[in-house]
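Trainee: How does the following fold in three dimensions:
(one chain, ligands or ions: 2)
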Amino acid sequence: GTRQISERRDKIRSLEVRFITSSVDLSTSSLELSIQTRIFKIIVIGDSNVGKTCLTFRFTGGSFPDKTEATIGVDFREKVVEIEGETIKVQVWDTAGQERFRKSMVEHYYRNVHAVVFVYDVTKMASFRNLQTWIEECNGHRVSASVPRVLVGNKCDLVDQIQVPSNMALKFADAHNMLLFETSAKDPRESQNVNSIFMSLACRLKAQKSLLYRDVEREDGRVRLTQETETKSTCPC
Ligand SMILES: Nc1nc2c(ncn2[C@@H]2O[C@H](COP(=O)(O)OP(=O)(O)OP(=O)(O)O)[C@@H](O)[C@H]2O)c(=O)[nH]1
Ligand SMILES: [Mg+2]
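Mentor: Ligands and ions are numbered 1, 2, ... in the order given. Coordinates of the predicted model:
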């Protein structure tokens with residue numbers, strides 16, 4: 001009886017040791033991963049019901065959700081992708097279109113954002129007209145002009161209900177220096193097109209790698225500039 005108990009204890013102890021070891025290993029590897037993997041934060045903005053949740057689900061989960069409810073605050077969806085040998089985590093912020101569900105979160109949406117996806121519903125003119133307001137909100141949160149933006153007209157599968165003509169959307173996109181994607185989160189034949197919305201942004205962000213370094217240099221430049229100014233102001237000549 002006593003031997004059995006002590007054997008059990010040993011077993012438990014060895015399990016504990018193994019558990020600790022494995023948890024150490026795990027944290028090390030996840031730490032390495034977080035150092036190596038860049039994260040791109042992409043926010044998806046637009047009126048309620050245009051299909052933001054469905055589009056982000058199609059990209060990250062690969063399917064059209066059976067049922068969605070109005071998003072409250074924000075839902076995060078992530079997808080790890082590989083671009084030219086680099087592993088990148090695309091973090092999609094699926095935001096709420098309804099004012100009452102978004103107001104407390106707006107600051108968080110725009111903080112350190114890397115790219116913005118504006119969505120309208122091709123069967124609902126009001127959702128297209130409201131894009132102006134969404135763009136103004138975005139600009140109002142000091143999102144830099146170097147942050148890439150794209151325009152997405154969703155629900156193209158509803159071919160006989162289209163209200164927003166392509167040429168009108170294209171004109172708007174051009175005027176705002178955005179690429180236009182007309183697509184459907186629902187139609188499985190469009191899934192590649194939905195992917196390319198996010199992948200094209202990820203590719204552009206990856207190419208901006210040098211921009212990140214330039215930002216650091218700019219910081220340096222500013223420091224140097226301040227020093228120069230100081231030197232000048234104390235300089236007797
Ligand atoms: N026919 C069709 N319906 C769609 C498509 N995408 C979304 N829907 C439907 O549109 C409705 C709204 O979709 P959501 O993705 O929840 O809309 P949302 O923009 O996230 O709405 P909020 O979370 O309130 O901002 C749902 O009933 C979807 O099934 C599409 O491509 N085609
Ligand atoms: Mg939603």
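Trainee: now the residue sitting nearest the centre point of the chain, which residues is it bridged with?
Mentor: Nearest to the mean C-alpha position of the chain, counting by Cα atoms, centre = their mean, stands residue 42 at 1.8 Å. Beta bridges link residue 42 to residue 92, residue 115 when assigned by DSSP bridges.
Trainee: dump the residue contacts of it.
Mentor: 90-93, 113-117, 198, 201-202 (Cβ atoms under 8 Å, 6 or more residues apart in numbering). (Glycine included, C-beta is placed from N, CA and C.)
Trainee: Can you tell me which of the residues you listed lies closest to residue 142?
Mentor: residue 113 (10.4 Å; Cβ to Cβ).
Trainee: wait, the closest one sits on residue 40?
Mentor: No. Using Cβ atoms under 8 Å, residue 113 is not in contact with residue 40; the gap is 9.6 Å.
Trainee: Quickly find the element holding residue 201.
Mentor: helix 191-207 (DSSP states H and E).
Trainee: for that helix, packing partners?
Mentor: Judged by 3 or more Cβ pairs under 8 Å, 6 or more residues apart in numbering; DSSP states H and E, helix 191-207 is in contact with strand 38-45, helix 52-61, strand 74-83, strand 86-95, strand 115-121, strand 149-154, strand 179-182.
Trainee: Can the fifth one be said to contact ligand 2?
Mentor: The reference is to strand 115-121. No. Using Cβ under 5 Å from the ion, strand 115-121 stays clear of ligand 2, with a minimum separation of 9.9 Å.
Trainee: Next one: the residue nearest to the centre of the chain from residue 69, what distance?
Mentor: From residue 42 across to residue 69, the span is 22 Å (Cβ to Cβ, to the nearest Å).
Trainee: Identify whichever of the helices and strands packed on helix 191-207 lies nearest to ligand 1.
Mentor: helix 52-61 (3.4 Å; Cβ to the nearest ligand atom).
Trainee: For this protein, what lies in contact range of ligand 1?
Mentor: Counting by Cβ under 6 Å from any ligand atom, the chain comes close to ligand 1 at 48-54, 68, 70-71, 96-98, 154-155, 157-158, 184-186.
Trainee: hmm, which of these are the buried ones?
Mentor: Among the residues of the chain next to ligand 1, those buried by neighbour count (16 or more other Cβ atoms under 10 Å) are 50-54, 71, 96-97, 154-155, 157, 184-186.
Trainee: Please list which of the residues you listed also come close to ligand 2.
Mentor: Counting by Cβ under 5 Å from the ion, the members of those near ligand 2 are 52-53, 71.
Trainee: Which single one of the residues you listed is nearest to residue 174?
Mentor: Distances from residue 174 to these, taken by Cβ to Cβ, are shortest for residue 52, at 22.9 Å.
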